[in-house]
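Colleague: Following is a predicted model, sequence given first.
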Amino acid sequence: MWGKLLGTGFGFLFGKWFGAILGFYLGHLFDKSLKQDFDKAGGFQGFFSGDDLNERQALFFSSCFSVMGHIAKSNGRVSEIHIQAASAFMDEMRLHGEERREAQSAFNAGKSNEFSIEESVGDFKEAFARRYDLLQLFLEIQIQMAFSDGHLATKELELLKLVSKYLGINEKHFRFILKRYQAEFKFRQQRAQWQSQQRTHSGNRENQHGQKRTHMPPSQPEVSEAQALAVLGLEQGANEKDIKRAYRKLMAQHHPDKLVSQGLPEHMMEIAKGKSQNIQAAYEVLKKR
């Protein structure tokens, strides 16, 4: 704005109305360039100190687990499966000692009848308003909790829609994220099963004490093209250009280092890494076809 105002003023002084028009245009270009540089620097958050970054990471951490706890209790009580899922999530983040107790405390706070999901997610949205990739990852984590038993209950779906709404994510994109996660869930299960078979086969081979191997190692699980496309958020019929574009966009959205610099707690890097690995694996499947 200031570029246009100053450009118009100086232009009028030196060239009357023609100068004012030219000054306005040049000022517009200046404002546009300045805004791009400002956004690249992280907007106003680019001025934050390390302490402010730590505060954002702490907010992400506590909000994430408290909302997870609230969703886990959506059906009136927290099931054993949800408790195991939360514990596995903490294991994946390698939380121990005081950090694990803090996560458990936040999870339990979310189960309280006094907990306000609107206030909690609203505060989170305010702190990360310019960090769309983090907002989306936050939603994906909540979907992961709700989907920990392999399906979504009606109340869980309703709560996820509320979280999406409070984050400023429209319903169409929410459906896209949900559908992509469901495909990723199945894809991850299949890969985990194959890896388990590989470890079992390796152990059996070691126990043979040099005897001739009689069993071939399990082959890489057959993943359909439709399934791999779904992990990338695509439908059947997507061409090579569509696949590359979707792959690059998703990899950029889930880049661990970038997300940490924006406020993702370092412990949650493993979550982003796991998602990146699934995206990469799906892309490799499609490259071979």
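Modeller: Thanks, I have the structure now. Numbering: from 1, shown residues only.
Colleague: Can you identify each of the strands in the chain by residue range?
Modeller: For the chain, no strands are identified by DSSP state E.
Colleague: Residue ranges of each domain in it, please.
Modeller: 1-33, 51-194+222-289 (automatic domain parsing).
Colleague: Redo those domains as TSV? Include mean neighbour count and mean pLDDT.
Modeller: No exception for glycine: its C-beta is placed from N, CA and C like everyone else's. TSV is the format used below for these (neighbours: other CB atoms under 10 Å; pLDDT from 0 to 100):
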stretch	mean neighbour count	mean pLDDT
domain 1-33	15	50
domain 51-194+222-289	17	89
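Colleague: Return stretch 86-105 as CSV; C-alpha atoms alone will do.
Modeller: Backbone C-alpha positions of stretch 86-105 (Å, rounded to 0.1, in the frame of the first residue of the first chain) are rendered in CSV as follows:
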residue,chain,number,x,y,z
ALA,A,86,-2.1,-42.4,21.7
SER,A,87,0.6,-44.4,23.3
ALA,A,88,1.9,-45.6,19.9
PHE,A,89,1.8,-42.0,18.8
MET,A,90,4.0,-41.0,21.7
ASP,A,91,6.3,-44.0,21.0
GLU,A,92,6.7,-42.8,17.4
MET,A,93,7.6,-39.4,18.7
ARG,A,94,10.1,-41.0,21.2
LEU,A,95,8.5,-39.2,24.1
HIS,A,96,9.9,-40.2,27.5
GLY,A,97,9.9,-38.9,31.1
GLU,A,98,8.5,-35.4,31.6
GLU,A,99,7.7,-34.9,27.9
ARG,A,100,5.6,-38.0,27.8
ARG,A,101,3.8,-37.0,31.0
GLU,A,102,3.0,-33.6,29.5
ALA,A,103,1.5,-35.3,26.4
GLN,A,104,-0.6,-37.6,28.7
SER,A,105,-1.7,-34.6,30.7
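Colleague: Pull the residues that contact that stretch.
Modeller: 61-62, 65, 68-69, 72, 107, 144-145, 267-268, 270-271, 274 (CB atoms under 8 Å, 6 or more residues apart in numbering).
Colleague: before we move on, what about stretch 247-259?
Modeller: Residues contacting stretch 247-259 (CB under 8 Å, 6+ apart): 133-134, 136-137, 232-233, 264, 268-269, 272-273, 275-276, 279-280, 283.
Colleague: for stretch 267-284, same thing?
Modeller: Residues outside stretch 267-284 that contact it (CB under 8 Å, 6+ apart): 60-61, 64, 89, 92-95, 99, 137, 140-141, 184, 187-188, 191, 223, 227-229, 231-232, 243, 247, 250-251, 254-256, 259-260, 264.
Colleague: How far off centre is that stretch?
Modeller: From the chain centre to the centre of stretch 267-284 is a distance of 10 Å (CA atoms, centre = their mean, to the nearest Å).
Colleague: same deal with stretch 280-289?
Modeller: Relative to the chain's own centre, stretch 280-289 is displaced by 21 Å; criterion: CA atoms, centre = their mean.
Colleague: same question, stretch 227-243
Modeller: Stretch 227-243 has its C-alpha centroid displaced from the chain centroid by 19 Å (CA atoms, centre = their mean).
Colleague: ok, now stretch 120-137?
Modeller: 11 Å.
Colleague: Return the residues in contact with Phe61.
Modeller: Shown in contact with Phe61 (CB under 8 Å, 6+ apart): Glu102, Ala103, Ala106, Pro265, His267, Met268.
Colleague: Distance-wise, check it relative to Ala281.
Modeller: Shown here: Phe61 relative to Ala281, a distance of 28 Å by CB to CB, to the nearest Å.
Colleague: before we move on, what about Glu171?
Modeller: Applying CB to CB, the value for Glu171 to Ala281 is 29 Å.
Colleague: just so I have it, where are all the helices in the stretch 151-289 of the chain?
Modeller: Remark: helices assigned in the stretch 151-289 of the chain by DSSP state H, counting those that start in this stretch are 154-167, 171-206, 225-231, 240-253, 256-262, 269-287.
Colleague: so which of these comes closest to Val78?
Modeller: Taking CB to CB, helix 154-167 is the member of the helices of the stretch 151-289 of the chain nearest to Val78, at 12.1 Å.
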